[in-house]
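1. okay, predicted coordinates and the sequence, questions at the end:
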Amino acid sequence: MGVLLLGQSSSVASVIPGSPTSVVAVSGNTQLAVTWTAPASTGGSAITDYLVEYSSNGGSTWTTFTDPVSTATSCIVTGLTNGTAYVIRVSAQNAVRLSLPSANSAPATPANISVLAALPDLSVLVNAPPQSINVDALYDNPDVTGTVVRFTTNQSEPNNLIYIELFDQAGPNRTRTTPLTAANFLAYANAGEYNNTFIHRSVPGFVVQGGGFTVTSAQPGILIGSVTQFPAVVNEPKPAESSVANNVRGTIAMAKLGSDPNSATNQWFFNLADNSFGPNGLDNGRDGLDNQNGGFTVFGRVLGNGMAAVDAIAQVPRFGYASPFDTIPLRNVPGANPSTNPSFTNPAVDTTTLADDQFVKFLTIAPVDELVYSVTSSAPALVSPSFDSAGKLVLTYGAGVGTATVTVRASSVFNDDDFVDDSFSVMVTVAPPPPTALVITSDLATVSINLGVSFSHQITASGSPTSFGAIRLPTGLKLNAKTGLISGKPTKVGVFSVTLQALKKGSTAATATKVFTVVQAPTFTYAATINAKKGKALRVAPKIAGYPAPTFSILNGSLPPGLSLNASTAAITGTPTAVGTYPFTVRGSNSVGNTDRNATIMVK
């Protein structure tokens, strides 16, 4: 190459490749799945590699991701920090030099599957019944909030599965929600209407479209059917004032009839490139899909590495039949030209020679959980874990004793590398022997206690009680709950039915009844000399006490004529009829003993 003179154009400039386009980054665990579209111009020299750079400060500084030389238009950028937003740019390398970098991707934040509530350690008895634990509320993928739908295709692995997130819930990595359109799509999926549908339109660099037709085998050839159409859904385009692109690469949107914004029913398409704004060579310079026909409603995004599977569909040779099958992809057709020129299609082949598996089919399209679970045990003979058909963790216990570590792994349904492990221990022990029954062994015979006299009674019981109780003790007596000793001086007479208790944690309390009778010998007092007048009524009523209730009688002497003694109250009443001096002795008696009192009545 000659020396380049100032002001002279260089032939080198003509061979610099164009910049890659449509860079999309999808979050993973400490990583981003990045896809892009190859440059429209290779500069006349084949692309030999791509340079991928990432920035965590909005593009102020860049870090080069080191990976092997490759011409693939996707890679996994690893070694990133969860919770930090990154933008990605990509440059293309040919034999001459590196292109200018692409436009930055939208920000994407690596997100680890998070543990919302860790499973607790457990302790169970040997041969315990199986235990069921609901784990759905314990883990979450913070990057996914909408309904996840799995497209199962008849393509070869690893391009046989596509996962999308519907925009039916607010969340990251979208500008808005489209609940009506998402619900419309789910209605078809839940009804099984999308099973055995196929891609009937494929325009490389633009869209692949499906959802309208089914294909099954027939004799001869195949049978094409139409998907039942539910009522059209009201369009949910982006707001007119919004400048945010919606129909970007990696999104799914509803197809509809021309000049009718509210005509979307069952058909949808994946955006292979940024089709948001015009002009676009594929649509003759008209506005992009965000503006055409009232705007095409984007209702979901492709998750993980799913665009690799969508791109693989766009690589399938296309064949031209009558509309709407004028760009239909067919697999394994001998001699098919694999050109991905959007304006090229292979000539139609005889449909009687086709098998339904040659179409790019969706065997099923159905909602799935965002997380899948697996579980292991360090000692499966001791604790055998599994998940039942309802998705609950089931722990089955063996006959041995010991400790097992059980580890639950919650993984993203669309990215096996995005997971969290949650471990907990399970201790299996032998049941302790049943405690010796508590039985009160102390004397339960009725006991008499003299009022005001010191008293004690020891409660005893078998079974090693740790404390004692006594309910309704006589006034003046107290219980030492630790020793079981009842002691004190009773201050009130009567019969007390006391409930004795022997107590121990984990054992049934022992109870028994013992009767305490507090007694008192009779007490009463008269004046030594009682003056009375003949013919005048007399009443002498002493204050008495005693339990059981005493009775009173004249022991010695006699009362004056006309007076008498009340045997219950010791009261002397009546009207004396004779003058004189009358000494006497009154005795009070009960089961405790006798009390005598002497007195003299002088009648004048």
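-> Okay, I see it.
2. CA only for contacts and neighbour counts going forward, please
-> Noted.
3. and stretch 397-417, which residues are buried?
-> 397-398, 401, 403-415 (16 or more other CA atoms under 10 Å).
4. just those residues now: which is nearest residue 324?
-> Using CA to CA, residue 414 comes nearest to residue 324 of these, at 31.8 Å.
5. measure that closest one to residue 370 for me?
-> Separation of residue 414 from residue 370 (CA to CA, to the nearest Å) stands at 8 Å.
6. farthest-separated two in the buried residues of stretch 397-417?
-> The widest separation within the buried residues of stretch 397-417 (CA to CA) is 38.8 Å, between 401 and 414.
7. my read: residue 59 touches residue 101, true?
-> No. Using CA atoms under 8 Å as the test, residue 59 is too far from residue 101 to be in contact (11.7 Å).
8. more crowded one of the two?
-> residue 101 (18 against 15; other CA atoms under 10 Å).
9. tell me the SS of the nearest residue to the more buried one once chain neighbours are set aside?
-> Nearest residue to residue 101, sequence neighbours excluded (CA to CA, 6 or more residues apart in numbering): residue 91, at 4.4 Å. Of the three states, residue 91 takes strand under DSSP: H, G, I helix; E, B strand; the rest coil.
10. measure residue 91 to residue 33 for me?
-> Distance from residue 91 to residue 33, by CA to CA: 16 Å.
11. same thing with residue 480?
-> Taken as CA to CA, the span from residue 480 to residue 33 is 75 Å.
12. quick one, which of these two is more surrounded?
-> Shown here are residue 480 and residue 33; by other CA under 10 Å, residue 33 has more neighbours (22 against 15).
13. list the contacts for that one?
-> 25-27, 74-77, 304-305 (CA atoms under 8 Å, 6 or more residues apart in numbering).
14. so which strand or helix has it?
-> Using DSSP states H and E, residue 33 sits in strand 31-37.
15. circling back: between the buried residues of stretch 397-417, which is closest to residue 260?
-> Nearest to residue 260 among the buried residues of stretch 397-417 is residue 414, at 35.2 Å by CA to CA.
16. that closest one contacts residue 368, correct?
-> No. Checked against CA under 8 Å, the pair residue 414 and residue 368 is beyond contact range at 10.3 Å.
17. and for residue 461, the neighbour number?
-> Residue 461: 19 neighbours (other CA under 10 Å).
18. list the buried ones in stretch 556-567?
-> 558-561, 563-565, 567.
19. ok, stretch 171-181 next?
-> Neighbour-count burial for stretch 171-181 flags 173, 176-181 (criterion: 16+ other CA under 10 Å).
20. what's the closest of these to residue 110?
-> Using CA to CA, these come closest to residue 110 at residue 173, 11.4 Å.
21. ok, back up a step: show me the two of the contacts of residue 33 that sit farthest apart.
-> Most distant of those, by CA to CA, are 27 and 74, 13.8 Å apart.
22. those two: which has the busier surroundings?
-> Taking neighbours as other CA under 10 Å, residue 27 and residue 74 compare with residue 27 leading, 27 against 20.
23. quick check: that one touching residue 106?
-> No. Using CA under 8 Å, residue 27 is not in contact with residue 106, being 11.3 Å away.
24. after the strand holding residue 33, which helix or strand is next?
-> Strand 31-37 is succeeded, C-terminally, by strand 49-55 (DSSP H and E).
25. the helix or strand bottoming out on mean pLDDT in the chain: partners in the sheet, and parallel or antiparallel?
-> Lowest by mean pLDDT, DSSP states H and E among the helices and strands of the chain is strand 114-115, with a mean of 82. According to DSSP bridges, strand 114-115 forms sheet pairs with strand 139-140 (antiparallel).
26. and the next element down the chain from the strand it pairs with?
-> For strand 139-140, the succeeding helix or strand toward the C-terminus, using DSSP H and E, is strand 148-153.
27. so what does that following strand touch, helix or strand wise?
-> strand 161-166, strand 361-368 (3 or more CA pairs under 8 Å, 6 or more residues apart in numbering; DSSP states H and E).
28. who does it pair up with?
-> Per DSSP bridges, strand 148-153 is paired in its sheet with strand 161-166 (antiparallel), strand 361-368 (antiparallel).
29. now that strand: how far from the chain's centre is it?
-> Taking CA atoms, centre = their mean, to the nearest Å, the mean C-alpha location of strand 148-153 is offset from the chain mean by 25 Å.
30. cool, and stretch 253-269?
-> The answer for stretch 253-269 is 39 Å, by CA atoms, centre = their mean.
31. which stretches of the stretch 101-250 of the chain form strands?
-> When secondary structure is read from DSSP state E, counting those that start in this stretch, the stretch 101-250 of the chain shows strands at 114-115, 122-125, 131-133, 139-140, 148-153, 161-166, 197-198, 201-203, 207-210, 213-217, 222-226.
32. again, but for the stretch 351-500 of the chain
-> Listed in chain order, the strands of the stretch 351-500 of the chain (DSSP E, counting those that start in this stretch) span residues 361-368, 371-377, 383-387, 393-397, 402-412, 415-429, 439-440, 447-450, 455-458, 461-462, 467-471, 477-480, 485-488, 494-503.
33. where does the stretch 1-150 of the chain have low pLDDT?
-> 1-14, 111 (pLDDT under 70).
34. dead centre of the chain: give me the residue that sits there.
-> Geometric centre of the chain, nearest residue: residue 137, 2.2 Å, by CA atoms, centre = their mean.
35. now it, nearest residue through space, not along the chain?
-> residue 116 (7.5 Å).
36. returning to what we had before: if you compare the helices and strands packed on strand 148-153, which one is most tucked away?
-> Among the helices and strands packed on strand 148-153, strand 161-166 has the highest mean neighbour count (mean count of other CA atoms under 10 Å), at a mean of 24.
37. any chance you could list what contacts that strand?
-> Here strand 161-166 makes contact (CA under 8 Å, 6+ apart) with 144-153, 182, 299-304, 306-307, 309-310, 414.
38. spit out the contact partners of residue 361.
-> So residue 361 contacts 153-154, 196-199, 215 (CA under 8 Å, 6+ apart).
39. try residue 362
-> Contacts of residue 362 (CA under 8 Å, 6+ apart): 151-154, 194-198.
40. neighbours of residue 543, just the number please.
-> Residue 543 has 11 nearby residues by other CA under 10 Å.
41. and what of residue 521?
-> By the criterion of other CA under 10 Å, residue 521 has 20 neighbours.
42. pretty sure it is touching residue 551, no?
-> No. Look at residue 521 against residue 551 with CA under 8 Å: they stay out of range, at 11.1 Å.
43. what sits in contact with each of the two?
-> Counting by CA under 8 Å, 6+ apart, the residues touching both residue 521 and residue 551 are 589-590.
44. stretch 449-458: which residues count as buried?
-> Applying a neighbour-count criterion of 16+ other CA under 10 Å, the buried positions in stretch 449-458 are 449-452, 455.
45. would you mind measuring the gap between the ends of that stretch?
-> Its first and final residues considered, stretch 449-458 spans 15 Å by CA to CA.
46. do the same with stretch 108-123
-> OK, stretch 108-123 end separation, CA to CA: 43 Å.
47. return the set of buried residues in that stretch.
-> Quick answer for stretch 108-123 (16+ other CA under 10 Å): 108-115, 119.
48. stretch 23-43 now?
-> Buried-residue list, stretch 23-43, by 16+ other CA under 10 Å: 23-39, 42-43.
49. for the longest helix seen in the chain, packing partners?
-> Identified as the longest helix of the chain according to DSSP state H is helix 179-190. Contact analysis of helix 179-190 by 3+ CA pairs under 8 Å, 6+ apart lists strand 298-302, strand 361-368 as its packing neighbours.
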